[in-house]
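Colleague: could you work out the structure for the sequence below:
(one chain, ligands or ions: 1)
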Amino acid sequence: MTTRKPLMAGNWKMHHTHLEAIQVVQKLSYRLEKKDYDRTEVVVCPAFTALRSVQTTLDADRIPIALGAQNVHPEEKGAFTGEVSPVMLAKLNVRFVIVGHSERREIFGETDDFVNRKVRAVLAAGMQPILCCGETLEEREAGETDAKVQRQVTAGLAGVSPADATGVVVAYEPIWAIGTGRTASAEDANATISVIRKTLRSVVGETAATIRVLYGGSVKPGNAHELMAQPEIDGALVGGASLDPDDFARIIQYGR
Ligand code: 13P
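Modeller: Predicted structure coming up:
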């Protein structure tokens with residue numbers, strides 16, 4: 001059986017100035033111990049303006065938290081006012097990039113095709129995409145959850161070789177559970193993640209067994225344990241609760 005190291009990623013969205021971000025990452029590091037890092041890979045995804053400050057803090061204090069970005073543009077460089085390229089992120093020691101978050105798909109109109117270009121660009125730059133997928137409440141009620149995540153995962157990974165896919169992380173985030181306080185039941189999340197795992201197998205074969213699939217949507221210290229007890233859930237992509245270092249540390253410790 002393949003063992004996948006759990007991954008806990010904090011998506012800070014449009015919160016925390018670079019000064020606040022430094023404080024949060026330092027406080028988080030005070031609350032975590034070696035055994036936490038041994039068991040779980042920890043990632044923080046600050047806003048672009050805080051990436052450099054968080055990187056230097058992690059380096060200077062030798063904190064074993066990985067740096068993630070929340071978005072990227074697929075081109076290497078060019079006339080794309082306001083965008084940030086994969087190489088710019090890679091040079092900041094960014095290891096993970098959230099791609100295709102539902103907020104980017106819904107608010108900024110990102111298509112499956114554009115998300116796929118980003119996935120491939122992130123991998124080409126030596127970083128790991130956290131490819132997000134998930135259904136709306138209407139889709140869930142219409143019984144379309146499985147078809148939606150199958151489509152998003154298949155399209156998101158088009159043209160990615162099985163060898164490159166080892167770097168991929170997938171996050172299942174039901175849109176109705178994001179920022180609402182409503183979590184998918186641990187069993188429902190596990191069932192949809194099983195569908196995602198089967199989809200991965202059809203797209204990248206055996207490599208699917210090594211790909212971590214996270215759950216996201218109102219993860220809190222109080223539900224982390226139950227979610228992490230599910231066999232198919234390999235970690236969490238945490239929004240609101242990751243802004244607070246105490247809460248995020250307790251999630252990383254599975255609600256201890
Ligand atoms: P919340 O944890 O605030 O529901 O956000 C989830 C999310 O969108 C993480 O990417």
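
Colleague: close to the ligand: what parts of the stretch 151-256 of the chain are there?
Modeller: With CB under 6 Å from any ligand atom as the criterion, the stretch 151-256 of the chain meets the ligand at residues 173, 178-179, 216-219, 237-241. The C-beta positions use only the backbone N, C-alpha and C, and glycine is treated the same way.

Colleague: in strands, which of these appear?
Modeller: With DSSP state E as the criterion, strands contain 216, 237-238 from among these.

Colleague: ok, of the residues of the stretch 151-256 of the chain next to the ligand, which come out buried?
Modeller: 173, 178, 216-219, 237-241 (16 or more other CB atoms under 10 Å).

Colleague: want to throw those into TSV with pLDDT?
Modeller: Shown next, in TSV, are those (pLDDT from 0 to 100):
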residue	pLDDT
Glu173	97
Ile178	90
Gly216	97
Gly217	96
Ser218	94
Val219	96
Leu237	98
Val238	98
Gly239	98
Gly240	97
Ala241	98
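
Colleague: just the closest of these to the ligand, please.
Modeller: Gly239 (2.3 Å; CB to the nearest ligand atom).

Colleague: who's in contact with that closest one?
Modeller: If you count contacts by CB atoms under 8 Å, 6 or more residues apart in numbering, Gly239 has them with 11, 13, 178-179, 216.

Colleague: would you turn those residues into CSV with distance to Leu28?
Modeller: Formatted as CSV, these follow (distance: CB to CB, whole Å):
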residue, distance to Leu28
Asn11, 14
Lys13, 17
Ile178, 22
Gly179, 21
Gly216, 18
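
Colleague: quick one: the strands in this structure?
Modeller: Secondary structure of the chain by DSSP E: the strands cover 7-11, 41-45, 66-69, 94-99, 128-133, 169-172, 212-216, 235-238.

Colleague: CSV please, covering those and showing distance to Gly143.
Modeller: Listed next are the strands of the chain as CSV, based on distance: least, CB to CB, whole Å:
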stretch, distance to Gly143
strand 7-11, 28
strand 41-45, 32
strand 66-69, 33
strand 94-99, 27
strand 128-133, 17
strand 169-172, 17
strand 212-216, 20
strand 235-238, 25
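
Colleague: and for the chain, the residue most distant from the center?
Modeller: For the chain, the residue at maximal distance from the C-alpha centroid (CA atoms, centre = their mean) is Ala79, at 27.9 Å.
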